[in-house]
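Enquirer: Just the structure for this:
(2 chains)
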There are 2 protein chains.
Amino acid sequence: MNSSEALLPAAAHPFDEAIQLRRDDIQPDLFYGGTSAAYGNMVGPFGGITAAVLLQAVMQHPQRIGEPLSLTVNFAAPVADGEFQIIARAVRTNRSTQHWSIEMQQQGETVTLATALFATRRETWSATEASFPLLQDQPANQTAAMPVHRLPAWVQRYDIQVIRGMPGFMAPEQPPSGDSVSMQWIRDEPRRALDFCSLTAICDAFFPRVFVRRREHVPAGTVSMTIYFHADSVMLAAHGVQELLGYARASRFYNNYFDQSAEIWTPSGNLLATTTQVVYFKQ
Amino acid sequence: MNSSEALLPAAAHPFDEAIQLRRDDIQPDLFYGGTSAAYGNMVGPFGGITAAVLLQAVMQHPQRIGEPLSLTVNFAAPVADGEFQIIARAVRTNRSTQHWSIEMQQQGETVTLATALFATRRETWSATEASFPLLQDQPANQTAAMPVHRLPAWVQRYDIQVIRGMPGFMAPEQPPSGDSVSMQWIRDEPRRALDFCSLTAICDAFFPRVFVRRREHVPAGTVSMTIYFHADSVMLAAHGVQELLGYARASRFYNNYFDQSAEIWTPSGNLLATTTQVVYFKQ
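Expert: Okay, here's the model as predicted:
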């Protein structure tokens, strides 16, 4: 067993440290936390860890009912390294759904603005209609490890094996695919049992599509991200510490913004989440 | 020229009546409006018109900068027929982006909770990567008009010509496709020049994917919808009153909820919007 195979106790995993919150004694909707250098990006924290800690506030809120169904995070301003407050408010609670408004603030200013929908599910007819991307693409053993040299800290918190669509400037020897599609195996490094918060962060752990399409590094940053969860906590627990398959593509690049659509699958073909984001880029 | 070809002056079009708002004299973020029977659904208003009027509040807000880039609408509770208030608040204004929080309230309770992102764009390298769906599917002349008999009022506010994926119970003679994909031509009826608000409503004007996949009518309703706009007002104005091509599919149906991803195209292959939603269904 080498070090990357070691499974740390949850409390000691850098992901758990990064999403740790303290609830205010008097105001039930108020939580205190701080950014983690382990998940640092070029400037401030990785967007995926910010999304995860916003979800975590609702997960820990005593008024919560059900499990996450959707989450939209608007990155309104750069999050500065340091302390933050989260205000998570149950705006409307119905019989089987609950609508949340969540804000991250620093120095009294809103830096991130989110909404979440939680729901209790009952068993119904179910079906997966999206195609498992591995079946229609390269075999799984032709992968390239994402190089971490000179990349932000958060990239080292994952083991990413790229099957297709490595950002061109990281792999100049690979022929261009002509599109922005990426497919990658991804898991927490070190391994950690999957839950809704870590799945949320993994939804944002794709490199900007423009890096893949243009094969060059240009300024880019997510401005809004939406996740739909297609699984419950029992399915996530059953997945455990295995790799996930991520598949991402863009529909359109137009005047400073492009979209990204992505799917997160288990190796056995369970679709756990679909996610979209709109990303700023500068040519 | 028959009546369906008549182009009403904007002020007289039922869509403009339905999204009409009055701004409060004292509180700059507060708007007053009311539901329109012309866009009624089975219970309360069509979700697309609710999304449109929320966007309209920001469009008419004097603090607005730029044009819509993304919109997420959470349908927190049924909207009752009658009056409503909208509170549209610019949470954060940056150099080229502006983040909005928008709530619709009735009797002091939040019924719809939305966020929007507005932006000013500069010209950059641009490219459409999604495939124009008509090229990979049936020819455009094999269409069937959506029957409006016994359907809610809002359906009659559109001319919908279904190319593929008519809900099975409306066309029992058509062979099942085995999937939930729909493709349709759609325009306002009577015709109306396209703008961001009408494009927003059209993003929600697909029948629930479960109707197509299961070929039967089951209780279903959108709980959250996100739209990414890939066009500016000049492109929408250039499109004018022509039909739009809508293409929708589902990724997964799982225990009471499924997702829908859709694209809205001009006939000449301009991708104007991509949109996703998560929808409740009961078997």
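Enquirer: helix/strand/coil for the spatially most central residue of chain A?
Expert: The centroid of chain A falls nearest to A:Ala201 when counting by CA atoms, centre = their mean (2.5 Å). Here A:Ala201 is recorded as helix under DSSP: H, G, I helix; E, B strand; the rest coil.
Enquirer: Excluding residues flanking it in the chain, which one is nearest it?
Expert: Closest residue to A:Ala201 in three dimensions, ignoring its sequence neighbours and counting by CB to CB, 6 or more residues apart in numbering or on different chains: A:Gly48, at 3.6 Å. No exception for glycine: its C-beta is placed from N, CA and C like everyone else's.
Enquirer: Please enumerate the helices of the stretch 151-283 of chain A.
Expert: With helices called from DSSP state H, counting those that start in this stretch, the stretch 151-283 of chain A shows them at A:196-203, A:209-214, A:233-239.
Enquirer: would a markdown table of those with mean pLDDT be doable?
Expert: A markdown table is the format used below for the helices of the stretch 151-283 of chain A (pLDDT from 0 to 100):
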| stretch | mean pLDDT |
| --- | --- |
| helix A:196-203 | 98 |
| helix A:209-214 | 92 |
| helix A:233-239 | 97 |
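Enquirer: In a markdown table: those, plus distance to B:Glu243.
Expert: Formatted as a markdown table, the helices of the stretch 151-283 of chain A follow (distance: least, CB to CB, whole Å):
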| stretch | distance to B:Glu243 |
| --- | --- |
| helix A:196-203 | 35 |
| helix A:209-214 | 30 |
| helix A:233-239 | 41 |
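Enquirer: Tell me which of those lies nearest to B:Val234.
Expert: Closest to B:Val234 of these, according to CB to CB: helix A:209-214, at 23.3 Å.
Enquirer: C-alpha coordinates for the closest one, CSV please?
Expert: Included here for helix A:209-214 are C-alpha records, laid out as CSV according to Å, rounded to 0.1, in the frame of the first residue of the first chain:
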residue,chain,number,x,y,z
ARG,A,209,-13.2,23.9,-21.8
VAL,A,210,-11.4,26.8,-23.6
PHE,A,211,-8.0,25.3,-22.5
VAL,A,212,-8.9,22.1,-24.3
ARG,A,213,-10.4,23.7,-27.4
ARG,A,214,-7.8,26.4,-27.9
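Enquirer: Now tell me what touches that helix from outside.
Expert: Applying CB atoms under 8 Å, 6 or more residues apart in numbering or on different chains, the external contacts of helix A:209-214 come out as A:165-169, A:177, A:179-182, A:217-218, A:220, A:248-250, A:253, A:258, A:260, A:279, A:281, B:125, B:127, B:129.
Enquirer: can you list the residues of the stretch 151-283 of chain A near chain B?
Expert: Neighbours of chain B within the stretch 151-283 of chain A, by CB under 8 Å from any CB of the partner chain: A:179-180, A:213-214, A:223-224, A:226, A:228, A:230-232, A:249-257, A:259, A:261, A:263, A:271, A:274, A:276, A:278, A:280-283.
Enquirer: now with 7 Å?
Expert: A:179-180, A:223-224, A:226, A:228, A:230, A:249-257, A:259, A:261, A:263, A:271, A:274, A:276, A:278, A:283 (CB under 7 Å from any CB of the partner chain).
Enquirer: Could you tell me which of these belong to strands?
Expert: Among these, the members falling in strands (DSSP state E) are A:223-224, A:226, A:228, A:249, A:252-254, A:257, A:259, A:261, A:263, A:271, A:274, A:276, A:278.
Enquirer: May I have the strands that pair with the helix or strand of chain A with the lowest mean pLDDT, each with its orientation?
Expert: None of the helices or strands of chain A scores lower by mean pLDDT, DSSP states H and E than strand A:144-145, at a mean of 80. Strand pairing for strand A:144-145, using DSSP bridges, gives strand A:158-164 (antiparallel).
Enquirer: could you give the angle of the partner strand to helix A:196-203?
Expert: Calculated by axes from the mean of the first three to the mean of the last three CA atoms, to 10 degrees, strand A:158-164 forms an angle of 40 degrees with helix A:196-203.
Enquirer: Check the offset of strand A:158-164 from the chain's centre.
Expert: In terms of CA atoms, centre = their mean, to the nearest Å, the centre of strand A:158-164 is found 15 Å from the chain centre.
Enquirer: got the residues of the stretch 1-150 of chain A near chain B?
Expert: Residues of the stretch 1-150 of chain A lying near chain B (CB under 7 Å from any CB): A:69-70, A:72, A:74, A:76-77, A:91-92, A:94, A:97, A:99, A:101, A:110, A:113, A:115, A:117, A:119, A:121-130.
Enquirer: Roughly how far does A:Glu189 sit from chain B?
Expert: 28 Å (CB to the nearest CB, to the nearest Å).
Enquirer: Which of the helices of the stretch 151-283 of chain A sits closest to B:Phe206?
Expert: Nearest of the helices of the stretch 151-283 of chain A (CB to CB): helix A:196-203, 24.2 Å.
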